[in-house]
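Peer 1: got a predicted model here, sequence first, then my questions.
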Amino acid sequence: LSRREVIEAERAEQRQRFLETVKIGDRVEGAVKNITDFGVFVDLSGMDGLLHITDMSWGRVNHPTEVVAIGQKVNVVILDVNREKERVSLGMKQLLSNPWESIENRFPIGQRVKGKVTKLVAYGAFVELAEGVEGLVHVSELSWVKRIARPSDVLTIGQELEAVVLGINKEEQKISLGVRQLDGNPWDEIDARYPIGMKIKGKVRNLTAYGAFVEMEEGIDGMVHVSDLSWTRKVNHPSEMLKKGDEVEAVVLEIDKANQRISLGMKQLENDPWSDIDEKFHVGDLVKGTVAKIASFGAFVQLQDDIDGLVHISQLSEDHVNRVKDVLKVGQEVEARVIKVDKVERRIGLSVKAANYSEEDLRKETAAFEALRPSTDMVGLEEAFKFAAEEWRPGQK
C-alpha cells in the first residue's frame, strides 16, 4: 500500500471510532481546518465537524475570521451527530452560559440602557447591550419629530448610544429599543402650546391635492385644507394660492393628538364676508365690478371683498345672446344691478341689462330671475366654479 492509502485508512478508522464513541453534549478539542463564509470546519482527530457561524458566539459575527484562524486549537461541544452521513455539528457559544436566559431581569422594559451601534440597516440600528445581546432601534423610534429617512443619517457604526427598552422576545432573542423615549413626546402637550384659535406663523413645507402642510416647529406640521384657504374663492388646488417655502399665517382649528394631526385655517384670519352680505348688497343696488371668469351660462363678476356675483346669460342684454364672450371679456369693468342676494347659498345674482331699469322694470326682472330653474339656468357659485367649462381665456383670439 502507498503511504497515502495508509493515511486514508488510518483516518477512516479514527472517524469510525469517533462516531461510535461521541455523543451529543461532549466537549472536544480540534483544530481549525477550513474557513468559509457560513462557518468553520474543525479537524477532530480525522473527523471533520462543522461549526456554523451562528454557533460561534452569542453575539453578532459577520465572518468566522473575526473569531478563529486556520490551524487554531478550539474547544467545542457536540450539537448533533449523523452517523450514516458521517456529519457532526459543533458549537462554541454553547460552552458559555446563554446571556438570554435571564434577559428580562437584566434589561427590564422601561430601563435606560447604553450600548454600541454594531450594524445599520434601512429599517433601524442594532445596538450591542452586552456580550451576545443586541437590541434593535427601529428608524421610527429614533425621534418624535425629526424626519429620519435612514438611521445612517444620524448614527455611525461604533457610536455609543443610550436608549430605552421597549420590548423583549426571549424565544426569538430580540430586544426592541427606543431613543426618542429618552425625551418627552412633544405631542403630549401640543394643545397647551397651540390652543384652538391661536394664530401661528410657519413655512409651507408641502402641497397636496387636498391641502398645504405648514411647518409650525421642527417636525410639527399643521395642514390647511383646500376648503380653508379662502372664504370666497373656489380653490381646486392649494398651488393656486401658495407655493413651497411661502411664509404664511394661519389659525389653529383642531388638534388630534392620537393621530398627531393639526388642522389649520387661513381664511379664518378674516371674517367671512358672506356673514353680513345682506348688509353690503341689497336687491336694486347698482354695483361695479370686473369680469373674473366666463362660462357657457354666464359671467362671474368680482365685487368688493373678493365676492363674485353671477351675471346669467339672460341678464346680459335685451337682445338674445348666444355666447357670453361675444358681450363680455375677462378683465372688463362692468356696471350691473343686484337682482338676488342669497346668504345661505352664498350667491349673488347680477343683471347688466337692468343697470338702467326703473324700479318697476327691476321688480319684474327680479321676479323673472327668481323663476330660473336652479339645476340648469341658475348655477350656485361653488358648483359653477367646479363644473363650468371656461370658454375664453386672456390671450385667446
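Peer 2: Received the coordinates, thanks. Residues are numbered from 1 along each chain as shown.

Peer 1: and the spatially closest residue to F126 that is not a sequence neighbour, what's its pLDDT?
Peer 2: Residue nearest to F126 in three dimensions, not counting chain neighbours: K119, with 4.2 Å by Cβ to Cβ, 6 or more residues apart in numbering. All C-beta atoms are positioned from the backbone trio N, CA, C, and that covers glycine. For K119, the pLDDT comes out at 92.

Peer 1: look at K119 and say how many residues are nearby.
Peer 2: 15 (other Cβ atoms under 10 Å).

Peer 1: N105 versus that one, what's the distance?
Peer 2: Distance, K119 to N105, by Cβ to Cβ, to the nearest Å: 26 Å.

Peer 1: swap in L253?
Peer 2: Counting by Cβ to Cβ, the gap from L253 to N105 is 49 Å.

Peer 1: again, but for R323
Peer 2: 85 Å.

Peer 1: for K234, same thing?
Peer 2: Counting by Cβ to Cβ, the gap from K234 to N105 is 64 Å.

Peer 1: those two - which one has more neighbours?
Peer 2: A direct count of neighbours by other Cβ under 10 Å for K234 and N105 places K234 higher, at 18 against 7.

Peer 1: how about the more buried one, secondary structure?
Peer 2: Three-state call for K234 (DSSP: H, G, I helix; E, B strand; the rest coil): coil.

Peer 1: all helices of the chain, in order?
Peer 2: Applying DSSP state H to the chain gives helices spanning 3-21, 103-106, 190-193, 277-280, 359-370, 381-387.

Peer 1: can you lay out those helices as CSV showing distance to T36 and mean pLDDT?
Peer 2: Formatted as CSV, these follow (distance: least, Cβ to Cβ, whole Å; pLDDT from 0 to 100):
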stretch, distance to T36, mean pLDDT
helix 3-21, 21, 78
helix 103-106, 31, 91
helix 190-193, 55, 91
helix 277-280, 83, 86
helix 359-370, 90, 70
helix 381-387, 68, 44
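
Peer 1: quick one: contacts for the spatially closest residue to L310 that is not a sequence neighbour?
Peer 2: Distances taken as Cβ to Cβ, 6+ apart put G298 closest to L310, at 5.5 Å, once the chain neighbours are dropped. G298 makes contact with L310, V311, H312, I313, Q315, L316, V324, V379, according to Cβ atoms under 8 Å, 6 or more residues apart in numbering.

Peer 1: so what's V22 up against?
Peer 2: By Cβ under 8 Å, 6+ apart, the residues touching V22 are V28, I78, V81, V88.

Peer 1: the second one and K23 touch, don't they?
Peer 2: Yes - with contact taken as Cβ atoms under 8 Å, I78 and K23 are classed as touching, separated by 6.8 Å.

Peer 1: what mean pLDDT does stretch 133-147 get?
Peer 2: Averaged across stretch 133-147, pLDDT comes to 91.

Peer 1: what does stretch 85-96 give?
Peer 2: Regarding stretch 85-96, the rounded mean pLDDT is 90.

Peer 1: for it, what is the distance to the chain centroid?
Peer 2: Its chain's C-alpha centre and that of stretch 85-96 lie 47 Å apart, by Cα atoms, centre = their mean, to the nearest Å.

Peer 1: before we move on, what about stretch 111-119?
Peer 2: Distance of stretch 111-119 from the chain centroid (Cα atoms, centre = their mean) equals 27 Å.

Peer 1: when you give positions from now on, start the count at 11
Peer 2: All set: I'll call the first residue 11, so the last point we hit is now stretch 121-129.

Peer 1: which other residues reach it?
Peer 2: Contact partners of stretch 121-129, identified using Cβ under 8 Å, 6+ apart, comprise 70, 117, 135-140, 144-145, 165-175, 187, 192.

Peer 1: name whatever forms a beta bridge with L320.
Peer 2: Assessed by DSSP bridges, L320 has beta-bridge partners F310, G359.

Peer 1: so it is in contact with V362, correct?
Peer 2: No - judged on Cβ under 8 Å, L320 makes no contact with V362 at a distance of 11.4 Å.

Peer 1: worst-scoring helix or strand of the chain, pLDDT-wise?
Peer 2: When the helices and strands of the chain are scored by mean pLDDT, DSSP states H and E, helix 391-397 comes last with a mean of 44.
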